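Chemist: what follows is a predicted protein model with its sequence.
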Amino acid sequence: MKIPPFTLERQYSEIGHDIENAVLNVLQKGQYIGGYEIAKFEDSFASLIGVTDVISCNSGTDALVLALRAFDIGHGDEVITPSFSFFATAEAISLVGANPVFVDINPDTFLLNINQIESRINSRTKAIIPVHLFGNAVDMTKLKLIAKKHNLKIIEDCAQATGSMWGSNNVGSIGDIGCFSFFPTKNLGCAGDGGAVTTSDQSLAQKIRELAVHGSPKRYSHNHIGYNTRLDVIQAAILNVKIKSIKKWIKARQKIADNYIQLIDKNALLRLPQTNSELSCNTWNQFVIKVQNENFSNTKNYLELFETDVIKNKTSRNFLKSELLKIGINTIIYYPIPIHAQLAYKDKFFDKDLLLNTEKVCTEVLSLPMFPEITFEEQLHISENLNLILKKYDQIAQISA
Ligand SMILES: Cc1ncc(COP(=O)(O)O)c(C=O)c1O
């Protein structure tokens, strides 16, 4: 049985006909920039998230850049964020000329360690970007208290968390601004790139709308140096079809996560993903297990560590990944290298000692196949094999000890 880590083929066989009709309709009507489909999607997404304004744009990365620019964050400013995220979170900060300041994560939830934030704040700090990673919501109650105390803005990175909630509020409606991605693998994905900014501050919304279209409040007037970052109308039409199923797909993801939790055996090597708190309604964009790396040491240069331990397959995580692959079960590592250790940041100094959990977790994480249409039989096959492989690995480790 071959199982992909993610596929859209099954979803397409269910709703493909509606998508084709929606795309054909756009092509026939000839409204290729802005117009009905965009306005309809922005309205539906605003109701889903619980905000007054949605500004659609070309990607989640652009959404983050627009949010930072909306607060005039730029050269010399600092923005606090985790290093365990997709690169775009920090990249957006650097793109506007500011500097990312990384805090470590809680190794059980993979979310930023809120207790580290205050020690990283100084007069240059302007904002915090929490990442609701893998669909697991950050503690927004604590975070808002810190932001208020230090007069900082909160830009929520909700790229992986459409539909996730903290308490009774959707992520993306709790901080000052929310940033979403509609990359195909996200909870709500289009057929290419797409993104959106959410806010309930109307003057911010107006500025973001201008920034997204050449800094222009009306044709041929330009208030800012902006961007050309619009959601494509064909993508909006596809999202208008797909948004109707979002609640059903989230329920399916939650059921799949529950199944994995039931089916995977306890093993000293293994840690199952933990939802942040009872207040966090997790939408499980990914189901990420950890396979312990007892030999981890951060004394080495990280890239050297990556070369020796990860690429050369010395971790129990990599053993599990390759054994699963041998029997057709494909998994993914989100993320193998922390952002602060990327070559792109080789000229910046980051205090690695403050980022120990981030570095260790990158050698331990493994995302199991997760998409709303995966069957129970497939999950059973994955879990039974995973249980067997880890048991075998445990025995090998005991013999060689
Ligand atoms: C946490 C996070 N932030 C930002 C982004 C960027 O979104 P996009 O790929 O739409 O630019 C992603 C996309 O993978 C992401 O996972």
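Modeler: Received, thanks.

Chemist: could you use CA atoms for every contact and neighbour count after this?
Modeler: Will do.

Chemist: show me where the stretch 151-300 of the chain has its helices.
Modeler: Secondary structure of the stretch 151-300 of the chain by DSSP state H, counting those that start in this stretch: the helices cover 202-212, 233-242, 246-263.

Chemist: buried sites along the longest one?
Modeler: Buried residues in helix 246-263, defined by neighbour count with 16 or more other C-alpha atoms under 10 Å: 246, 249, 250, 252, 253, 254, 256, 257, 260, 263.

Chemist: closest to residue 10 out of the residues you listed?
Modeler: residue 249 (12.4 Å; C-alpha to C-alpha).

Chemist: wait, what's in contact with the closest one?
Modeler: By C-alpha atoms under 8 Å, 6 or more residues apart in numbering, the residues touching residue 249 are 187, 372.

Chemist: tell me the pLDDT of it.
Modeler: Predicted confidence (pLDDT) for residue 249: 98.

Chemist: and it, how close does it get to the ligand?
Modeler: Between residue 249 and the ligand the distance, using C-alpha to the nearest ligand atom, to the nearest Å, works out to 18 Å.

Chemist: over to residue 205?
Modeler: Distance, residue 205 to the ligand, using C-alpha to the nearest ligand atom: 19 Å.

Chemist: now do stretch 254-267: distance to the chain's middle.
Modeler: How far stretch 254-267 lies from its chain's middle: 21 Å, per C-alpha atoms, centre = their mean, to the nearest Å.

Chemist: so which bits of the protein are right by the ligand?
Modeler: 59-61, 85-86, 88-89, 131, 157, 159-160, 181-183, 193-195 (C-alpha under 6 Å from any ligand atom).

Chemist: these in strands, which ones?
Modeler: Secondary structure of the residues of the chain next to the ligand is defined by DSSP state E; positions in strands are 157, 181, 195.

Chemist: tell me the mean pLDDT for stretch 314-334?
Modeler: With pLDDT averaged residue by residue, stretch 314-334 scores 94.

Chemist: now it: buried residues?
Modeler: Residues of stretch 314-334 classed as buried: 315-324, 329-334 (neighbour count, 16+ other C-alpha under 10 Å).

Chemist: one step back: reformat the buried residues of helix 246-263 as a markdown table; add distance to residue 9.
Modeler: Converted to a markdown table, those look like this (distance: C-alpha to C-alpha, whole Å):
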| residue | distance to residue 9 |
| --- | --- |
| 246 | 17 |
| 249 | 15 |
| 250 | 18 |
| 252 | 16 |
| 253 | 17 |
| 254 | 20 |
| 256 | 18 |
| 257 | 21 |
| 260 | 22 |
| 263 | 26 |
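
Chemist: now do the helices in the stretch 301-401 of the chain.
Modeler: Per DSSP H, counting those that start in this stretch, the stretch 301-401 of the chain has helices spanning 302-305, 316-326, 356-361, 376-400. These are given in chain order.

Chemist: touching, residue 139 and residue 165? I think so.
Modeler: No. Contact between residue 139 and residue 165 fails when scored by C-alpha atoms under 8 Å: they sit 10.1 Å apart.

Chemist: between these two, which contacts overlap?
Modeler: Jointly contacting residue 139 and residue 165 under the rule C-alpha under 8 Å, 6+ apart are residue 280.

Chemist: quick check: nearest residue in space to residue 383, chain neighbours excluded?
Modeler: Computed as C-alpha to C-alpha, 6 or more residues apart in numbering, the closest residue to residue 383 that is not its neighbour in sequence is residue 264, at 5.4 Å.

Chemist: just list the residues touching the nearest residue to residue 117 once chain neighbours are set aside, thanks.
Modeler: Counting by C-alpha to C-alpha, 6+ apart, residue 103 is the residue found nearest to residue 117 once chain neighbours are left out, at 6.6 Å. By C-alpha under 8 Å, 6+ apart, the contact set of residue 103 is 80, 81, 82, 83, 112, 113, 116, 117, 120, 354, 355.

Chemist: mark which of those residues are buried, thanks.
Modeler: With burial judged by 16+ other C-alpha under 10 Å, the buried subset of the contacts of residue 103 is 80, 81, 82, 83, 112, 113, 117, 355.

Chemist: just the ones in strands from the residues you listed, please.
Modeler: Assignment to strands by DSSP E places the following of the buried ones among the contacts of residue 103 there: 80, 81, 82.

Chemist: tell me which residues touch residue 274, please.
Modeler: When the contact criterion is C-alpha under 8 Å, 6+ apart, the partners of residue 274 are 108, 109.

Chemist: for stretch 266-283, which residues meet the burial criterion?
Modeler: Neighbour counts over stretch 266-283 (16+ other C-alpha under 10 Å) mark 269, 270, 271, 272, 273, 275, 276, 279, 280, 281, 282, 283 as buried.

Chemist: residue 283 reaches residue 136, doesn't it?
Modeler: Yes. Counting by C-alpha under 8 Å, a contact exists between residue 283 and residue 136, whose distance comes to 6.8 Å.

Chemist: please enumerate the shared neighbours of these two.
Modeler: Contact criterion C-alpha under 8 Å, 6+ apart; residues bridging residue 283 and residue 136 by contacting each: 161, 164.

Chemist: check contacts around the residue of the stretch 301-401 of the chain at minimum distance from the ligand.
Modeler: Per C-alpha to the nearest ligand atom, the residue of the stretch 301-401 of the chain with the smallest distance to the ligand is residue 334, at 9.5 Å. For residue 334, the contacting residues are 362, 365, 366, 367, taking C-alpha under 8 Å, 6+ apart as the criterion.

Chemist: any low-confidence regions in the stretch 251-400 of the chain?
Modeler: Per-residue confidence for the stretch 251-400 of the chain (pLDDT under 70) gives these ranges: 298-313, 396-400.

Chemist: what about 90?
Modeler: Of all residues in the stretch 251-400 of the chain, those with pLDDT under 90 make up the ranges 293-316, 346, 349-353, 391-400.
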